[in-house]
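Visitor: Sequence and predicted structure below; questions after.
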Amino acid sequence: MSENVVVIYSGGMDSFTVLHHAIRDGKTPYPLSFNYGQRHKKELDYAARVCQSLGLSHKVVDISAINSLVGGSALTSDIDVPEGHYEEPSMQTTVVPNRNMILLSMAVGYAVSVGVTKVYYGAHSGDHAIYPDCRPEFVERMNDVCAIANYDAVEIVTPYLTKSKTEILTAGLGMGLDYGQTWTCYNGREKACGKCGACEERLEAFRDNNRQDPLAYE
């Protein structure tokens with residue numbers, strides 16, 4: 001019998017790959033997306049279309065009110081999205097304070113309420129330098145907490161925690177995935193900008209895999 005799991009699904013490349021990884025691993029995913037006021041909430045439309053095509057029960061939760069508490073990020077506030085390579089110090093302006101702890105806490109609560117014992121999310125090694133809540137030590141501590149926070153323990157599962165964006169794309173291409181069904185750009189315009197750190201990292205991953213990105217760029 002298939003095991004049910006919650007998957008935090010943003011609509012981006014990483015969570016798209018994690019979602020299909022769970023399916024290929026014989027799991028039945030409960031995709032969970034969040035509108036936290038991100039300027040690139042266009043990603044949620046991509047997530048919805050994928051879930052509909054897969055016949056999955058997709059839950060989208062509006063938590064945009066948290067911006068009155070955790071503002072100051074280029075992703076949620078009136079701050080220009082920085083351009084340039086993903087590892088540049090300027091990319092720290094894209095950090096949303098405590099975002100993954102908040103999202104994981106809600107996802108774990110959802111998991112407990114529907115009788116699920118695993119929550120998947122797409123942290124990877126390319127994020128470690130910039131986002132503290134994507135680092136292995138964060139995942140380890142969250143797992144410690146989630147083991148005791150409820151009557152039933154919930155495990156945080158990060159299949160690509162030690163993998164790069166290039167390696168994630170390699171895995172997804174190996175599964176035959178269409179990355180035209182994902183949105184990565186931090187700007188939520190009609191086409192991807194191709195200049196923000198997220199776009200640059202995505203394009204680099206496609207170059208490393210000798211593939212053409214199916215998304216349209218400005």
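Guide: Arrived safely.
Visitor: Going by C-alpha atoms from here, please, whenever you check contacts or count neighbours.
Guide: OK.
Visitor: most residues in a single helix of this protein, which one?
Guide: Criterion DSSP state H: the longest helix present in the chain is helix 99-113.
Visitor: Strands of the protein, residue ranges please.
Guide: 3-8, 27-35, 59-62, 118-120, 155-157 (DSSP state E).
Visitor: Need the contact partners of the second one.
Guide: Think strand 27-35. With Cα atoms under 8 Å, 6 or more residues apart in numbering as the contact definition, strand 27-35 has outside contacts at 2-10, 19, 22-23, 41, 44, 47, 51, 56-64, 103, 107.
Visitor: so what strands line up beside it?
Guide: Strand pairing for strand 27-35, using DSSP bridges, gives strand 3-8 (parallel), strand 59-62 (parallel).
Visitor: out of these, which comes closest to Val139?
Guide: Within those, the stretch nearest Val139 is strand 3-8; the backing value is 14.1 Å (Cα to Cα).
Visitor: orientation of that closest one relative to helix 99-113 in degrees?
Guide: 150 degrees (axes from the mean of the first three to the mean of the last three Cα atoms, to 10 degrees).
Visitor: if we can go back for a sec, in TSV, list the strands of the chain along with mean pLDDT, distance to Leu173 and mean neighbour count.
Guide: As requested, the strands of the chain are exported to TSV (pLDDT from 0 to 100; distance: least, Cα to Cα, whole Å; neighbours: other Cα atoms under 10 Å):
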stretch	mean pLDDT	distance to Leu173	mean neighbour count
strand 3-8	97	20	23
strand 27-35	96	20	21
strand 59-62	95	26	13
strand 118-120	97	20	23
strand 155-157	97	21	21
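Visitor: Pipe those strands into JSON lines and attach distance to Lys195 per row.
Guide: As requested, these are exported to JSON lines (distance: least, Cα to Cα, whole Å):
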{"stretch": "strand 3-8", "distance to Lys195": "26"}
{"stretch": "strand 27-35", "distance to Lys195": "24"}
{"stretch": "strand 59-62", "distance to Lys195": "28"}
{"stretch": "strand 118-120", "distance to Lys195": "29"}
{"stretch": "strand 155-157", "distance to Lys195": "31"}
